[in-house]
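# Fold the following and give me the result.
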Amino acid sequence: MAEENQAVEKKEKAGLFGYFRETKAELKRVTWPTRKELFRNTGVVLAVVIFSTLAIWGIDTVLSGALALLLK
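Numbers count the residues shown, from 1 in each chain. Modelled structure (predicted):
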């Protein structure tokens, strides 16, 4: 219990510089994607966004048409 309190006190004392030090250490542990993986994943994201956009546009168009028919 005392060790936990000391750890918390040390983190509080570390302040802004401690935060940046810990952030730098954490970024060193990150597994970054290769260039090939990055482009492939970007392509997948773009394809999903385009597909979703077209699907929502299509549904909106159909529902707008149906609503226009109902209101006439």
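
# For the residue nearest in space to the middle of the chain, list the residues it contacts.
Nearest to the mean C-alpha position of the chain, counting by C-alpha atoms, centre = their mean, stands Val45 at 11.7 Å. Going by C-beta atoms under 8 Å, 6 or more residues apart in numbering, Val45 touches no other residue. C-betas here are computed from N, CA, C, even on glycine.

# helix or strand for it, which one?
helix 35-71 (DSSP states H and E).

# any low-confidence regions in the chain?
For the chain, the stretches with pLDDT under 70 are 1-13.

# again, only this time at 90
Judged by pLDDT under 90, the chain has its weakly predicted residues at 1-19, 72.

# where does Val30 land in three-state SS?
What DSSP: H, G, I helix; E, B strand; the rest coil gives for Val30 is coil.

# can you tell me how far it sits from Ala47?
26 Å (C-beta to C-beta, to the nearest Å).

# the more surrounded of these two?
Shown here are Val30 and Ala47; by other C-beta atoms under 10 Å, Ala47 has more neighbours (10 against 6).

# Show me how this structure divides into domains.
1-30, 33-72 (automatic domain parsing).

# got the CA positions of stretch 61-72 in PDB?
Presented in PDB, the C-alpha positions along stretch 61-72 are these (Å, rounded to 0.1, in the frame of the first residue of the first chain):
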ATOM      1  CA  THR A  61     -33.200   8.900 -52.300                       C
ATOM      2  CA  VAL A  62     -35.600   6.000 -52.000                       C
ATOM      3  CA  LEU A  63     -37.200   7.200 -48.800                       C
ATOM      4  CA  SER A  64     -37.400  10.800 -50.100                       C
ATOM      5  CA  GLY A  65     -39.300   9.500 -53.200                       C
ATOM      6  CA  ALA A  66     -41.600   7.300 -51.100                       C
ATOM      7  CA  LEU A  67     -42.300  10.300 -48.800                       C
ATOM      8  CA  ALA A  68     -43.000  12.500 -51.800                       C
ATOM      9  CA  LEU A  69     -45.500   9.900 -53.100                       C
ATOM     10  CA  LEU A  70     -47.200   9.700 -49.800                       C
ATOM     11  CA  LEU A  71     -47.600  13.400 -49.400                       C
ATOM     12  CA  LYS A  72     -49.100  13.900 -52.900                       C
END
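
# Great, nothing more from me.
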